[in-house]
Structure formats: C-alpha cells, structure tokens
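S.K.: give me a 3D structure for the following:
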Amino acid sequence: MTARAAIAFAALLGLALPASAGGGGFGADDDDDANAGPPFLGLVQDDAGSNLVDARITVTIASMNSTLVLRSDTVGHFFVRGFDKSVDPEDVTISCSKDGYADATATTTPPAGNAPIQAICVLKKK
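M.R.: Sure, this is the predicted structure:
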C-alpha cells in the first residue's frame with residue numbers, strides 16, 4: 001500500500017462508518033448485525049494515486065454464486081456491509097472497472113479486531 005493510500009484510509013476510517021456512500025449488501029436493510037461478518041471499506045484510485053469517482057465495483061461471493069454491483073462515491077470510496085458470518089472473507093472477490101482504464105482486482109487487508117476489511121483497487125489508464 002502506498003503512503004498516500006495509507007493516509008487516505010486512515011482519514012476514511014476516521015469518518016463515521018455507518019455512512020455507506022456507494023455501499024450495499026446482499027440482504028435486506030434490516031439484517032441482524034449480530035450475524036454479520038466484517039464490512040469491506042474500499043478505495044478506487046488510478047495508478048498515479050488519484051481517487052476515481054463513479055468506478056464500477058463488483059463484489060462476488062464464489063461459494064454462493066452471488067454478485068453485487070455498486071459505484072465508488074464522489075471521492076472514490078465504497079462500502080459493503082458485512083455478509084453473514086458463514087461467508088468466509090477469503091471467498092469474496094472485489095473487482096473494479098471504469099471507462100478508459102484496465103479492470104483490476106482489489107487488494108484486501110484483513111481486519112484488525114472489529115475494523116473493516118480494507119480494499120484498494122488501482123486502475124491503470126489504457
């Protein structure tokens with residue numbers, strides 16, 4: 001992770017986590033949080049380190065054959081609520097795309113304690 005990305009994540013984690021700009025999940029809005037696993041907190045950047053707005057994020061759970069599509073917000077962030085605890089975070093794949101850029105798979109960092117799983121997509125200009 002670049003120093004710039006680390007600083008961006010530190011600032012992002014300082015924000016209120018319940019805000020889910022560009023976020024989503026597979027269940028109903030009233031899901032029982034007690035059964036939820038860790039959420040995913042992400043950032044989409046270009047290879048120069050600039051955040052990318054309105055990038056397409058595809059979240060796939062291979063074991064469930066399920067896919068969720070969302071967009072990065074006005075500063076390149078995205079948030080995905082925690083899935084059911086039965087979903088292994090290792091089975092979750094996050095990929096990103098945007099016109100004019102090559103698609104990429106996010107690099108994830110396991111959570112520390114109750115912190116979200118961090119995901120960073122770096123897209124290279126075509």
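S.K.: give me the helix or strand of this protein that scores worst on average pLDDT.
M.R.: The least trusted helix or strand in the chain, going by mean pLDDT, DSSP states H and E, turns out to be helix 3-13, with a mean of 42.
S.K.: spatially nearest residue to the residue nearest the centre of the chain (excluding sequence neighbours)?
M.R.: Central residue of the chain (C-alpha atoms, centre = their mean): residue 42, 3.4 Å from the mean position. Leaving aside its chain neighbours, residue 42 sits nearest to residue 119 (3.8 Å; criterion: C-beta to C-beta, 6 or more residues apart in numbering). Just so you know, the C-beta spots here come from the backbone N, C-alpha and C atoms, and that holds for glycine as well.
S.K.: adjacent strands (with direction) for the strand or helix carrying that neighbour?
M.R.: Secondary structure assignment for residue 119, by DSSP states H and E: strand 117-123. Applying DSSP bridges, strand 117-123 is found paired with strand 40-46 (parallel), strand 107-109 (antiparallel).
S.K.: deepest-packed of those strands, please.
M.R.: Mean neighbour count (mean count of other C-beta atoms under 10 Å) peaks for strand 40-46 among the strands paired with strand 117-123, with a mean of 25.
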